[in-house]
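Trainee: Just need the structure, nothing else, for what follows:
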Amino acid sequence: MKRRRARQPKLTSSGTLRNSFERRTVLLAGLQGSVATLLAVRMGWIGLAENEKYKTLSESNRVNLTLIPPRRGWVLDRHGAPLASNRADFRVDMIPERVGDVDDTIGRLATLLALTPVQQQDLKDKVDKAHGFAPVEVKAKLSEEEYAAVSVRLPELKGVVAQRGFSRFYPTGPAVGHLVGYVGPASADEYEREKNPLLILPGFRIGKDGMEKAFDKELRGVPGARRAEVTAGGRIVRDLDMREDVPGAPIKLTIDAPLQDYAARRIGLESAAVTVIDCDTGEILAMTSMPSFDPNSFADGIGRIEWKMLNEDDHIPLLNKTVRGLYPPGSTMKPMATLALQLHGISPSERVSCPGGYRLGSRFFRCDAVHGSVDMRGAIEHSCNTYFWSMAHRVGYETIAPVAKLLGLGQEFDLPGTNQRYGTIPDPEWKMRRYKQEWSAADSLNASIGQGYVSVSPLQLAVMTARIASGKNLTPQIMFGANRPPGPDLPFTPEQLAVTHEGMFRVVNGSGTGVGSKLQVPGIQMAGKTGTAQVRALTSRGAVGDWKSRDHSLFICYAPVDKPKYAMSVIVEHGTFGARAAAPIARDVMTYLFDPKQAYATLLEMEKTWGGTPSERMAAKYAAFSRAYGTSAPKVGNDATVNAAMTKATNSEAPIETNDLNSTAERGEAAAVGAPVPTPSAGPATPAPTATPTPPAQP
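Mentor: Below you'll find the model as predicted:
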């Protein structure tokens, strides 16, 4: 009974159904109302509170805002002529992150722009090193036809940007490579440090070396901007607005651009440095190191071939020899030494007998000739080592070293954009600190004639010469308009300076070692001092042996002698005798300062035998290397690798000890006894390299 009663269905009335429906309706209506309320609140928030945000986003879909790279500030010489300027051109860049098939894109661009296999390989190397959206330059300085050919195919070339802009241009090319420096795309590390979107803008360059790096912030300028209406696919419909860029501020140097260019060309095939200073103001008029690199090539991105050329050149074109090259000054220190001796009370008229050398204990230091009896003036004129050895042994080198430092040797100067090396003016305390050894009498003899531990830069030698010529403690300067005072008088009497000046005058105009480089300018006479710095202890000196075993050739000078205006130092690496290589270069550069027409007539004749100007010789060498090596040349290093190559010290070998019986501490001011005197030559001391390098061995 109970089971049958339980199975009977429960009856539902119409009232129950109505109540159930009404509850569901209320629930659904509540849910719908809640959703509607949320939507209304959200729409209200978007429409009111975030109106500007979404308005901006909407506008950005319709309008494309593009930054315009600013024109870089010019680097000017003292007369306002450009050392570095900008040149309008067409260019093509690639943004690797936006490129689909890199090899296919490069292949298409190679067809459109006639890229050589070497250029294609260089482009692939740049893409491999690219970081994020950093652009990679494909080619600059395009013709209008090339630019048009790429522009019409941009829809097919994803990630390729063709634009009109400005590229960095250095009118004299390699003549200002080390002085001005160069620009290039920002590296990944540089972008990470600044996080500035301008650094990854196609066509934008930053300073990498020299003045370009030291004044990069001032030279950059402010970018412009362009607003254009675009379609959903990014196609430009019309330009809406444009804000012009603000060019960077120019900087003006004390450099005389024509003089800088002439000095660079006059060096010819040598590895040398020329520095010229104004004796009235201390302004640097020329600071030339050759061979050099062409900053125009670096601005476009250095390729494999040029990297191989620069790295394999034993003349070290990546090293700025004027401020980073360190050399034994040799006999160019002797004028300074005479001032130190006079301060110590040595009479200029006191004479020393030169029998061809100086005996110190059981050792005999050979002079370069038998000079007989010489006084202080004659010791400078004939570059008699015996005189200075005798005096240094008597008074001690520690009385000479302070005067060397006073005149600028071993010092660093406040010159922006220069990465200087100090060099060494040794003394007993220095040797004890460095080598834990006592200073010896032999050390004094070596140092007194600019050998042994002594090392200086060409810039320091030029400063020393300007201070000797002017009698003032001139401070070298390279920024035009600094208007620094010339400095106080040096602690030498006019009579003491006159002795040194007369000795230097006789070197060139008497019977001295530099007489072959007398100026041929009417009414202008030059005073100077030759120097031949020993590279290594050899029994055979001068031009004997391989190029790197030869002596360095040095010459310091000033003119006019009656009222010094210009002071100069010239150092020719492994140029043999001072009178043979350095002095003729100094003579011609000094001639240019007083008679440019005569100087250029001489230079143009020389360049016919050298293969043209530095730029022309570099172009010929590049073509030869390209034919020989093609794409097999090694890949270019990154910025750190390039910087290391440019700052590497190449002449830091152990000090030269010249205190044995057969050694010569300083040769070449005149020939050794019994040897023929070399004839001064206006041409290069080393033969020209062959035009075509030896190709790599085939496997």
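
Trainee: Please work out the average pLDDT along the helix or strand hosting Glu616.
Mentor: Per DSSP states H and E, Glu616 falls inside helix 614-629. When pLDDT is averaged along helix 614-629, the result is 91.

Trainee: What of stretch 207-226?
Mentor: Stretch 207-226 shows a mean pLDDT of 91.

Trainee: again, but for stretch 338-357
Mentor: Stretch 338-357 carries an average pLDDT of 96.

Trainee: From the rest of the structure, what touches it?
Mentor: With C-beta atoms under 8 Å, 6 or more residues apart in numbering as the test, stretch 338-357 has contacts from 364-367, 369-377, 379-380, 384-387, 390-391, 395, 399-400, 402-404, 407, 468, 491-492, 496-497, 499-500, 503, 673. Using the backbone N, CA and C atoms, a C-beta is placed for each residue, glycine as well.

Trainee: Select only the buried ones of these in PyMOL?
Mentor: The buried residues among the contacts of stretch 338-357 can be selected in PyMOL (16 or more other C-beta atoms under 10 Å) with this line:
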select buried, resi 364+365+366+367+369+371+374+375+376+377+379+380+384+385+386+387+390+391+395+399+400+403+404+407+468+492+496+497+499+500+503
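
Trainee: For the one helix or strand Ala601 maps to, which residues meet the burial criterion?
Mentor: Take DSSP H and E as the rule and Ala601 turns out to sit in helix 596-610. Across helix 596-610, burial judged by 16+ other C-beta under 10 Å covers Ala599, Tyr600, Thr602, Leu603, Met606, Glu607, Trp610.

Trainee: Leaving out sequence neighbours, find the closest residue to Met464.
Mentor: Excluding its sequence neighbours, the residue lying closest to Met464 (C-beta to C-beta, 6 or more residues apart in numbering) is Leu407, at 4.3 Å.

Trainee: how close does that neighbour get to Ala586?
Mentor: 19 Å (C-beta to C-beta, to the nearest Å).

Trainee: and what of Leu604?
Mentor: Plainly put, Leu604 is 19 Å away from Ala586 if you go by C-beta to C-beta.

Trainee: same question, Gly47
Mentor: 80 Å.

Trainee: Quick check: phi and psi at the most centrally placed residue in the chain.
Mentor: With distances taken as C-alpha atoms, centre = their mean, the chain has His178 as the residue nearest its mean C-alpha position (2.7 Å). Main-chain dihedrals, His178, degrees, to the nearest 10: phi -80, psi -30.

Trainee: Contacts only, for it.
Mentor: Here His178 is in contact with Gly210, Met287, Ser289, Ser292, Asn320, Thr322 (criterion: C-beta under 8 Å, 6+ apart).

Trainee: List the buried residues of the longest strand along the chain.
Mentor: Ranked by residue count under DSSP state E, the longest strand found in the chain is strand 82-94. Of the residues in strand 82-94, Pro82, Leu83, Ala84, Ser85, Asn86, Asp89, Phe90, Arg91, Val92, Asp93, Met94 count as buried by neighbour count, 16+ other C-beta under 10 Å.

Trainee: And for stretch 165-183?
Mentor: 165-170, 172-183.

Trainee: Between the two ends of that stretch, what distance do you get?
Mentor: 15 Å (C-alpha to C-alpha, to the nearest Å).

Trainee: which is the next helix or strand following the helix or strand hosting Met464?
Mentor: Using DSSP H and E, the element containing Met464 is helix 458-470. Proceeding N to C from helix 458-470, the next assigned helix or strand is helix 494-509, under DSSP H and E.

Trainee: Show me what that following helix is in contact with.
Mentor: Taking C-beta under 8 Å, 6+ apart as the rule, helix 494-509 contacts 335, 338-339, 342-343, 348, 376-381, 383, 468-469, 471, 512-515, 517-519, 525-530, 557-558, 561.
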